[in-house]
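Asks: sequence? don't have it. structure:
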């Protein structure tokens, strides 16, 4: 089994943070399978990944998959194992959807069941399948892309926040698997805030629409829109953020800007909270460097919160301890 090449599987991997994570794993020599609902995006992503692989023999595979169908997800994992000689070293459960509609307004249609199906149930199933595969092999790492909304309230996306909080608690409850002597499985939650992706832009537009219907302050809407994803309906994760040291946490209503005027842009809303948009590559780099590259015993927590502070990004574990000030310092600074 140890002779099999190292491999990774990324759900929602055709765009956004999921694709950037896939790029970084390929750079590190992982053969990879990306899952997504969008065949066109999958084809384009495969070509780009093949162009950057360090060895022509490295396999880049794609699978069209709706992660809410447990049978399809299970088949995708089995296909990956067949392709890579029984190896699954890294699993990134990244696929997700944003909450649409106003949960508090009876006349508004809400997709809250779909949010739970994609953002929680599919992650639970993916984690279960990953643990099964890894414990039969040589162990591995499972990264579940959650959100800062899994750690802080989100008044404008309460079901999304509930789903992401469920993901965080799932990972915390599985911490003990990392200490198995023969086949350790590290299960971690990645919780980014504002990230500049198409998913977050669309999600922010929906938050602004609901905010306008409710007639509430723009900054409150901004900090309530923290999420994490990107392309297709069951597509890729990206995320969102302002520094907890200099700006309100998601859901902090004490910074409402008052009467509603002309709708601000998403970037203006982020600026109003004192933060800046992370790029998908910055978020992916933090995810891979902190949660995949580091030996399991170096993890201080099962959840990693990524935020911004001026021109630098900061990564914190769930206990609030600073991990690294910037990507260049990540290898040297283990605080």
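Replies: Nice, I can see it. Predicted model only: the values in this text are computed from it and were never measured. Numbers count the residues shown, from 1 in each chain.
Asks: now the helices for the stretch 1-150 of the chain?
Replies: Assigned by DSSP state H, counting those that start in this stretch, the stretch 1-150 of the chain shows helices spanning 16-27, 39-52, 70-83, 112-116, 122-136.
Asks: now the ones you listed as a markdown table including distance to residue 174 and mean neighbour count?
Replies: C-betas here are computed from N, CA, C, even on glycine. Below are the helices of the stretch 1-150 of the chain laid out as a markdown table (distance: least, C-beta to C-beta, whole Å; neighbours: other C-beta atoms under 10 Å):
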| stretch | distance to residue 174 | mean neighbour count |
| --- | --- | --- |
| helix 16-27 | 20 | 27 |
| helix 39-52 | 29 | 16 |
| helix 70-83 | 17 | 16 |
| helix 112-116 | 19 | 17 |
| helix 122-136 | 7 | 20 |
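Asks: Can you convert those helices into JSON lines and add a column each for mean pLDDT and distance to residue 154?
Replies: JSON lines is the format used below for the helices of the stretch 1-150 of the chain (pLDDT from 0 to 100; distance: least, C-beta to C-beta, whole Å):
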{"stretch": "helix 16-27", "mean pLDDT": "97", "distance to residue 154": "18"}
{"stretch": "helix 39-52", "mean pLDDT": "97", "distance to residue 154": "27"}
{"stretch": "helix 70-83", "mean pLDDT": "98", "distance to residue 154": "26"}
{"stretch": "helix 112-116", "mean pLDDT": "94", "distance to residue 154": "11"}
{"stretch": "helix 122-136", "mean pLDDT": "97", "distance to residue 154": "17"}
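Asks: Please identify which of those is closest to residue 143.
Replies: helix 16-27 (7.9 Å; C-beta to C-beta).
Asks: That closest one packs against which elements?
Replies: Applying 3 or more C-beta pairs under 8 Å, 6 or more residues apart in numbering; DSSP states H and E, we find helix 16-27 packed against strand 7-11, strand 31-36, helix 39-52, strand 90-93, strand 140-145, helix 280-287.
Asks: Let me have those in JSON lines, adding distance to residue 111 as columns.
Replies: Formatted as JSON lines, the helices and strands packed on helix 16-27 follow (distance: least, C-beta to C-beta, whole Å):
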{"stretch": "strand 7-11", "distance to residue 111": "19"}
{"stretch": "strand 31-36", "distance to residue 111": "19"}
{"stretch": "helix 39-52", "distance to residue 111": "21"}
{"stretch": "strand 90-93", "distance to residue 111": "20"}
{"stretch": "strand 140-145", "distance to residue 111": "19"}
{"stretch": "helix 280-287", "distance to residue 111": "24"}
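Asks: Any idea which of the helices of the stretch 1-150 of the chain gets closest to residue 292?
Replies: helix 16-27 (7.4 Å).
Asks: just the angle between the closest one and strand 31-36, please?
Replies: 170 degrees (axes from the mean of the first three to the mean of the last three C-alpha atoms, to 10 degrees).
Asks: what's the angle between helix 16-27 and strand 7-11?
Replies: Using the same axes, to 10 degrees, the direction of helix 16-27 lies 170 degrees away from that of strand 7-11.
Asks: quick one, what contacts the residue lying closest to residue 61 once chain neighbours are set aside?
Replies: Residue nearest to residue 61 in three dimensions, not counting chain neighbours: residue 33, with 4.4 Å by C-beta to C-beta, 6 or more residues apart in numbering. Contact analysis of residue 33 by C-beta atoms under 8 Å, 6 or more residues apart in numbering lists 7-10, 61-63, 76, 79-80, 83-84.
Asks: hmm, 10 Å instead?
Replies: Contact analysis of residue 33 by C-beta atoms under 10 Å, 6 or more residues apart in numbering lists 7-11, 13, 22, 59-63, 65, 76-77, 79-81, 83-84, 88, 91.
Asks: returning to what we had before: could you dump the helices of the stretch 1-150 of the chain to CSV with distance to residue 307?
Replies: Output for these, formatted as CSV (distance: least, C-beta to C-beta, whole Å):
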stretch, distance to residue 307
helix 16-27, 15
helix 39-52, 28
helix 70-83, 31
helix 112-116, 23
helix 122-136, 22
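Asks: Tell me which of those helices approaches residue 277 most closely.
Replies: Closest to residue 277 of the helices of the stretch 1-150 of the chain is helix 16-27 (C-beta to C-beta; 12.7 Å).
Asks: And the pLDDT at the closest residue to residue 68 other than its chain neighbours?
Replies: Residue nearest to residue 68 in three dimensions, not counting chain neighbours: residue 117, with 4.6 Å by C-beta to C-beta, 6+ apart. As predicted, residue 117 sits at a pLDDT of 97.
Asks: Next: residue 328.
Replies: At residue 328 the predicted local confidence, pLDDT, stands at 42.
Asks: before we move on, what about the one 3 residues further on?
Replies: Taken from the predicted model, the pLDDT recorded for residue 331 is 37.
Asks: How about residue 54?
Replies: 92.
Asks: got the angle for the helix or strand where residue 159 lies vs strand 140-145?
Replies: In this assignment (DSSP states H and E), residue 159 forms part of helix 158-173. Per the same axes, to 10 degrees, the angle that helix 158-173 makes with strand 140-145 is 160 degrees.
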